[in-house]
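Participant: what follows is a predicted structure for the sequence shown.
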Amino acid sequence: MSKLLAVLAASVFAMSTAFAASHAGAPMAGASAAKTEVKADAKADMKDAKKDAKATKKVAKKSSKKTAKKDKN
């Protein structure tokens, strides 16, 4: 019985060591996917911010033109 227990313990230790060695420097797929998703979200937010800034600038320019036109008259 103790031999069986020793073999079982040795095999579990060997599997855990092999698993750790194979995953030592490799990034996990889930972490990589999450990082990519965060980058995509940041890029989309940046595009939205640029569009908002452009629209705001356009409205301000249009408003200033109206004001200038009123001042002329």
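Facilitator: Everything's here; your move.

Participant: and residue 40, how many neighbours does it have?
Facilitator: Other residues lying near residue 40 total 10 when counted by other Cβ atoms under 10 Å. C-betas here are computed from N, CA, C, even on glycine.

Participant: repeat for residue 65
Facilitator: Around residue 65 there are 10 residues (other Cβ under 10 Å).

Participant: just residue 43 next, same as before
Facilitator: Residue 43 has 10 nearby residues by other Cβ under 10 Å.

Participant: need the longest helix for this structure.
Facilitator: Taking DSSP state H as the criterion, the chain has its longest helix at helix 29-72.

Participant: for that one, which helices and strands make contact with it?
Facilitator: When contacts are defined as 3 or more Cβ pairs under 8 Å, 6 or more residues apart in numbering; DSSP states H and E, helix 29-72 sits against none of the other helices and strands.

Participant: tell me which element residue 10 falls in.
Facilitator: Residue 10 is part of helix 2-22, with elements assigned from DSSP states H and E.
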